[in-house]
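Engineer: with the sequence up front, the predicted model follows.
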Amino acid sequence: MKVKETMIEGMYQLKIDQKNRLATKNKVPGTNVYGERLIKVENEEYRLWDPFRSKFAAAYLSGMKLLPQLKAKNILYLGVSTGTTPSHFSDILEDGFIYGVEFSPKVMRKFYRLAEQRPNLIPILADARRPEEYSSYVFDVDLLYQDVSQPEQAKIFGRNAQEYLKPGGEGIIAIKSQSIDVSLEPEEVFSKQMSILENNFGLKVIEHSKIDAYEKKHAVMIIKKE
Ligand SMILES: C[S@@+](CC[C@H](N)C(=O)[O-])C[C@H]1O[C@@H](n2cnc3c(N)ncnc32)[C@H](O)[C@@H]1O
C-alpha cells in the first residue's frame with residue numbers, strides 16, 4: 001500500500017481499493033475513536049480520517065489551500081464533542097496541547113475517556129460563549145478552531161480570539177448557516193459572519209470555501225490575527 005504525504009504535516013494519503021483516503025498515524029495503536037478503519041503499513045498503524053465526520057478533512061478535500069499546519073501548535077478547540085477531529089489533531093501534534101471546550105456534559109464524558117488515552121487533550125467543560133470562564137485553564141494559543149452550532153458563531157470566535165489567540169495566530173471556523181438563520185441563503189449568512197469577524201473583531205479571513213460535498217450549508221473560513 002502507498003502512503004503519501006499531504007500539504008498538512010502529519011496528515012497522509014493512503015490508496016485503498018483505488019481510492020485516496022486521508023489518515024493520521026495512530027498515537028494509541030490498536031484503538032479507534034469513532035469506528036474508523038485502522039490500517040497497518042510497514043510497522044506503522046494509520047487511522048482513516050473521514051471527511052464526512054470532520055470539517056477539517058472536508059475543507060482539505062474541498063481544495064482549501066491555506067489550512068494551517070497543526071504539528072507544532074497549541075490549539076484552543078471550541079466544540080470538541082466526542083473527539084472525532086480532535087483525535088486526529090492529537091495524532092498530529094508533536095509537543096503542543098489541545099484545549100477542548102464542550103458544554104454538553106453527556107458528550108464530554110466520552111471526551112474525558114479519550115483524553116485519558118491521549119495526554120495532549122485537555123478537556124474543559126464550559127460554554128464557548130463565555131471565554132472568561134476558562135481563563136484559569138487556557139494559555140494563549142497559536143491556533144483557534146471552532147465548530148459549534150450556535151446562532152452567533154462569528155461573535156463566539158471573535159471573543160475567544162481576543163482572549164486567547166496570540167498576535168500572528170491562525171484560526172479555522174466551520175460555519176453552519178442553518179444554526180444562524182434558516183430564512184437566508186447560506187451565502188448571505190457566510191458573508192455576514194465574515195463581516196463580523198473582520199469589522200467587529202479586526203480579524204482577516206484569508207480563505208473561505210463551502211464544503212457542500214461533505215456537509216450541506218456549511219462553510220469553512222481560515223483566519224489570521226494581525
Ligand atoms: C458539530 S459538533 C462538533 C464536532 C467536532 N468538532 C468534530 O469535528 O469532531 C458541535 C459541538 O459543539 C458543541 N457546542 C455547541 N455550542 C457550544 C457552546 N456554546 N460551548 C461549547 N460547546 C458547544 C455541541 O454540544 C457539539 O458537541
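Structural biologist: Cool, the structure landed.
Engineer: please list the residues of the chain that sit near the ligand.
Structural biologist: 54-55, 79, 81, 84-85, 101-104, 107, 127-129, 147-150 (CB under 6 Å from any ligand atom). No exception for glycine: its C-beta is placed from N, CA and C like everyone else's.
Engineer: mind listing residues that contact stretch 7-20?
Structural biologist: 1-6, 21-25, 39, 41, 46, 48-49, 60, 65, 67, 69-71, 88, 91-93 (CB atoms under 8 Å, 6 or more residues apart in numbering).
Engineer: quick one: end-to-end distance for it.
Structural biologist: 14 Å (CA to CA, to the nearest Å).
Engineer: mind checking how far Asn32 is from Ala23?
Structural biologist: 12 Å (CB to CB, to the nearest Å).
Engineer: okay, and the common contacts of the two?
Structural biologist: Contacts common to Asn32 and Ala23, judged by CB under 8 Å, 6+ apart, are Arg47.
Engineer: element containing the residue sitting nearest the centre point of the chain?
Structural biologist: By CA atoms, centre = their mean, the chain has its centre lying nearest to Tyr145, at 5.0 Å. Using DSSP states H and E, Tyr145 sits in strand 141-146.
Engineer: how about the strands of the protein, start to end?
Structural biologist: 3-5, 12-16, 19-25, 38-41, 44-49, 75-78, 98-102, 121-125, 141-146, 165-176, 203-210, 218-225 (DSSP state E).
Engineer: picking up where we left off before, packing partners of the strand holding Tyr145?
Structural biologist: Contacts defined by 3 or more CB pairs under 8 Å, 6 or more residues apart in numbering; DSSP states H and E place strand 141-146 against strand 75-78, helix 153-164, strand 165-176.
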